[in-house]
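K.L.:
Any chance you can model this:
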Amino acid sequence: MSFENEWRAWHQARERYAGAEYGPAALESTNWLITEPAAVEGVPGLWALTGDGGIRGSELGTAGSVVVLRGSDTIRLGHRELRVFGRDGVVALRVFNPRRPQRERFSGIDAYPPREVWRIPAVFEPTPDERIVLTAVDGHEQESLVAGRLRFTLDGTESTLTVTRNPQGGLTAVFADATNGIETYRFRFLPIDEPAADGTAFIDFNRAYLPPCAFSDQFVCPLPPAGNRYTASIRAGERAVVLGG
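P.N.:
As a prediction, this is how the structure comes out:
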């Protein structure tokens, strides 16, 4: 498959994922709970923490009806789907609604045309035991282990890209550039293929993609670390969510 065809297949898969019935555009609310039962908008019953990392729902319409969600558990109540979200030992109840207006109006993801010039050679340097503090869009700070840095040339300037590993073990980065807020969303995510044994690697900005919070402000995405904020314009990858009328 050619470079352009591979990119178009990736882009189409991204659009299917983003607009899926219970995909990121369907996230209606993230509800940080306490141990005292409380109502959650749009959802029947009362919801509270269990004290052991779970969430308990009670009074769900049937006398004495109780459900407990933990980890990857989900439950459908009507057309809404409920999931558990955890961060630094704190648990929230997430509500996904396929009838959320932004999900119903989702019509695609605007992106720059793929160009091989944006597949930039780099050298990977591991950083054993280094940690950085990442700040989320809601101000929450979380320490994260740095996997390494990629050294490359961007717009004639020697640059670095700090990368971490996602829960699946893959290398990933969060970056910002001069197009943000004008041509593109405020920052973007970027997967990085595993470097060769000698450290040679590529940074393919054509695969830069929108963070989940571009589809719903109920996500709490990490912001780019200081070293991943570039003054150059990176006109590659996904630009913005497209909503229909």
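K.L.:
ok, for residue 222, nearest residue in space, not its chain neighbours?
P.N.:
Excluding its sequence neighbours, the residue lying closest to residue 222 (CB to CB, 6 or more residues apart in numbering) is residue 134, at 4.4 Å. Using the backbone N, CA and C atoms, a C-beta is placed for each residue, glycine as well.
K.L.:
Look up which helix or strand that neighbour falls in, please.
P.N.:
strand 131-135 (DSSP states H and E).
K.L.:
Check the average confidence over that strand, would you?
P.N.:
The average of the pLDDT scores along strand 131-135 is 96.
K.L.:
follow-up on the earlier one: quick check: beta-bridge partners of the residue nearest to residue 222?
P.N.:
Going by DSSP bridges, residue 134 is paired in beta bridges with residue 142.
K.L.:
Could you report the neighbour count for it?
P.N.:
Neighbours of residue 134 under the rule other CB atoms under 10 Å: 18.
K.L.:
Can you list the low-confidence ranges for the chain?
P.N.:
Along the chain, the model assigns pLDDT under 70 to residues 1, 61-64.
K.L.:
could you point out the longest helix in it?
P.N.:
Counting residues, the longest helix in the chain under DSSP state H turns out to be helix 3-18.
K.L.:
about what we covered before: run the chain-centre distance for the strand holding residue 134.
P.N.:
Relative to the chain's own centre, strand 131-135 is displaced by 16 Å; criterion: CA atoms, centre = their mean, to the nearest Å.
K.L.:
And stretch 36-52, by the same measure?
P.N.:
What separates the centre of stretch 36-52 from the centre of its chain is 25 Å, taken as CA atoms, centre = their mean.
K.L.:
Check what contacts that stretch and list those residues.
P.N.:
With CB atoms under 8 Å, 6 or more residues apart in numbering as the test, stretch 36-52 has contacts from 28-29, 31, 33-35, 55-61, 65, 68, 70, 77-78, 80, 82, 91, 93, 95, 97.
K.L.:
Could you do stretch 7-21 as well?
P.N.:
1, 23-26, 98, 103, 106-109, 111, 114, 206-207, 209-210, 215, 238, 241.
K.L.:
Stretch 74-91 too?
P.N.:
22, 26, 28, 30, 32-33, 42-45, 49, 53-55, 57, 60, 67, 69-73, 92-99, 140, 142, 220.
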